[in-house]
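In: Next one to model:
(chains A and B)
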Amino acid sequence: MRPAAVLAVADVRVSYGGADVLDVAALEVRAHEVLGVIGPNGSGKSTLLRVLGLLEAPARGEVRWRGRAVRAADALEARRRMATVFQEPLLADMTVAANVALGLAFHGVGGDEREARVARWLARLNVAPLRDRRARTLSGGQAQRVALARALVLEPEVLLLDEPFAGLDQPAREALIPDLAAILREHRVTTVLVTHDRGEAQALADRVAVLIGGRVRQLDATADVFHAPASEEVARFVGVETIVSGRVVAREAGVTLVDVAGRRLELAAEVPAGARVRLGIRPEDVTLARPGDAAPASSARNRFAGAVARVTPSSPSVRVLVDCGFPLVAAVTPRSVADLGLAPGAPVVATFKASAVHLIAADVWLDTVARPGV
Amino acid sequence: MDLLWSGLRQAFALVTGGDPEVWAILRLSLQVSGSATLIALGLGIPAGAALALARFPGRALVVSLVNTGMGLPPVVVGLFVTLFLWRSGPLGGWEILYTPAAIVLAQAVIAAPIVTGITLAAVQQVPEKFRLQLLALGASRAQMVRVTLREARLPMLAAVMAGFGGVISEIGASLMVGGNIKGQTRTLTTAMVLETGKGNFEVAIALSLLLLALVFLVNWALTAIQQRRAG
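Out: Predicted structure coming up:
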C-alpha cells in the first residue's frame, strides 16, 4: 500500500510579473519520508516550499493537508502543524531559550511543558550551554542549530527546510548534517528539504523531486534520480557530465553494443538494435590509467585509449576531460593527477563498467526498453 | 559678555533656589509635552506598523504624506488647531482653547507623524523574511506584528526621543493655542520668549538651561537603554 500523503499540492501555479516561476501539477509529501527538492538556482524550489508551508498563496491550484484542500479559514491551524527553517537563521533579538520558546508561545504552550520542551530540544541540537546567550552573539553554525531547535520543538507533522546548510561554512555543515539526519531518522519527521546541493539530497532524502524551470522534471527514489535520470536536463543537474549520442548495433551476451562516434560502448540496459540513444556517464564512474600499465582486475567492459584534453580543478576532485573519439569526463583525486601525469595532451586509458552507462533517452517506445533497477 | 555672565549667575540662583514660578513652568511643560508624546505614541505606533506591513493602493502617497508630516511647521499646526478650537470652529464646543489641553492636542498633532514615520522605518528594517519566519513558526498575524514590533524596539526608541524632543522645544503652536497665560499655559519656550522680550535675560537663560537639561536627560536615558540593549 502506498504511504498516505500528509501534504500535497495540486495544479499549483505561481507567477511573478507575468512569468511562471512555479507550475506543478501534483506533488505529494508522504508520511515519515524525507522528500528532497533539488534544482538549479531560480528553479522555483523556495517558492514551492513557501506554497507548501502556506506562507504564499498560489495564483492557481490548491494545497492539501491530509487529502483536504486548505481554505483561508483553516490556514492558520494547518500552518501550525508545520514548521519552516530558512537558509538564514532569522533569530529574534532575545536569548537562545526565548527564541526556541517563540513558536510554542504562538501555539499557546506555556509553563513547565514549554520549559521542558525547550530544554530537551536545545540539548538534542547540542546547544544547551548557549541557552542564556543573546541570539545575535552566536556563530552561523550555532544560530542554525538554534533555528532547527526552534522548529523541531514544535514537533511539527511536517518540517520544511529551505537550504538550511547553504549559509554555513564547511566544518559547521559537516557537523550539522549528520546530527540532523539522526534526528529525522529517530523521530521519523516528515520533511521536505529544498537544496541546490546534490550531496545533501543524497545524504538525507528518501525521494527526490528535480525542479527545473518551475516544473517537476523527475520524482523518484533518491538512487534512481541520481542513477537513472529521466531526461538530459535532469542528468546534467544530477552530475552526469558525459552525455553522448549513439546507435545500437547489436544486443549480445547480455549487453547492448552502441556505436558512439565510431567507438563501441557496452551498455547494460536492453535496447533493440537500430535504436538511436542518448547515454550518460557519471565522472566518478570513470577510471583513468596510463596506457602502459597493466589493466586493473575489474569487470569494466568499456576501455578506451585517448588523450587528456583539459584538467579542471573542482572541489573535492579534479575533472579530467578525455578525448577518446568522444568527450568523456572523469573525476580523479588531485594525487592521481600527479601520479598519472595528467596534463593536456598526455595519453591515457579510460575504463568504466557497462552498468555505469545510463540510458537517458531512446527513440523507441520506452516500454520496450528495460532499465535496470526501475 | 557681562550681560551673559551675570545672566548665567542669576540663572543658577533661580534654578537652585527653587523659584516657584520657574518650577511651575517646568512642571507644566513636562506634563503637556509628556502627555502629547504618549498620545502620539498611542496613535503613531499602530499607524506606522500598519503602514509598514500593509500593501494597498495609494500606500506610497500615504507614506509621502507621513514623511511630510514629520516636518510640519509647529506654527502651521498652531494656526489650524486654533481654527478648529475657536468658539465657532468644528471643535469649539470642547472649549479648551487657551488651556493646557489645547497645547497637548497641538503637540500631539506635531509628534504623531514623527512617531509614525520613525515606527514605519523601524518596522521596515526588520527583514520581510523574519516576518515570514514568524508565520512559519505558527504565528497568527497579530502575534507576528507583536514580535516584529519587539524586534524593532531599539530604533523605535528614536521615535520617543524625536517626538518628545520636537514638542518640548516647539513654540509656535504652544503660543497660539495656549496663549502664554501666566500660571496656566506658560511653558518653558513661551516664557523664554516673553522674558527675553521684557529684557529679563537671567530668567530666559535659566529657562533655556532647564530646557536643555531636560532634553539632555530624556535623550541620555533613552540612549542608555538603546545602547545597553544593542551591545
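In: Nearest residue to the middle of chain A?
Out: With distances taken as C-alpha atoms, centre = their mean, the residue of chain A nearest its centroid is residue A:201 (3.3 Å).
In: ok, it touching residue A:195?
Out: Yes: at 5.7 Å, residue A:201 counts as touching residue A:195 under the criterion of C-beta atoms under 8 Å. Backbone N, C-alpha and C define where each C-beta goes, glycine included.
In: Where does residue B:110 sit: helix, strand or coil?
Out: helix (DSSP: H, G, I helix; E, B strand; the rest coil).
In: One more: the one 4 residues further on?
Out: Per three-state DSSP, the local secondary structure of residue B:114 is helix.
In: Overlap of the contact sets of residue A:201 and residue A:195?
Out: A:36, A:38 (C-beta atoms under 8 Å, 6 or more residues apart in numbering or on different chains).
In: hmm, back to that, OK, contacts around the residue nearest to the centre of chain A?
Out: Residue A:201 neighbours (C-beta under 8 Å, 6+ apart): A:36, A:38, A:193, A:195, A:208, A:222.
In: for the helix or strand it falls within, what is the average pLDDT?
Out: Residue A:201 is part of helix A:198-204 when elements are defined by DSSP states H and E. Regarding helix A:198-204, the rounded mean pLDDT is 91.
In: if we can go back for a sec, and the two most separated of the contacts of residue A:201?
Out: Farthest-apart pair in those is A:195 and A:222; separation 12.1 Å (C-beta to C-beta).
In: more crowded one of those two?
Out: residue A:195 (24 against 20; other C-beta atoms under 10 Å in any protein chain shown).
In: Can you tell me who the more buried one pairs with across the strands?
Out: Counting by DSSP bridges, residue A:195 is bridged to residue A:38.
In: That one contacts residue A:202, correct?
Out: No: if you go by C-beta under 8 Å, residue A:195 and residue A:202 don't touch, sitting 10.1 Å apart.
In: Spell out which residues are contacts of both of residue A:195 and residue A:222.
Out: A:36, A:201.
In: And the pLDDT for residue B:105?
Out: 97.
In: and it, how many neighbours does it have?
Out: A total of 23 residues lie near residue B:105 under the criterion other C-beta under 10 Å.
In: Assumed residue A:176 was part of a helix.
Out: Yes: counting by three-state DSSP, residue A:176 is part of a helix.
In: got the contact list for it?
Out: Counted by C-beta under 8 Å, 6+ apart, residue A:176 has contacts A:141, A:144, A:145, A:148, A:165, A:168.
In: can I get the residues you listed in JSON lines with neighbour count?
Out: Shown next, in JSON lines, are the contacts of residue A:176 (neighbours: other C-beta atoms under 10 Å in any protein chain shown):
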{"residue": "A:141", "neighbour count": "19"}
{"residue": "A:144", "neighbour count": "28"}
{"residue": "A:145", "neighbour count": "27"}
{"residue": "A:148", "neighbour count": "25"}
{"residue": "A:165", "neighbour count": "21"}
{"residue": "A:168", "neighbour count": "21"}
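In: Same list (these) but as CSV, adding secondary structure, pLDDT and distance to chain B.
Out: CSV is the format used below for those (DSSP: H, G, I helix; E, B strand; the rest coil; pLDDT from 0 to 100; distance: C-beta to the nearest C-beta, whole Å):
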residue, secondary structure, pLDDT, distance to chain B
A:141, helix, 94, 18
A:144, helix, 97, 13
A:145, helix, 97, 16
A:148, helix, 97, 12
A:165, coil, 95, 17
A:168, coil, 93, 17
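In: Name the nearest of the residues you listed relative to residue A:215.
Out: residue A:165 (25.1 Å).
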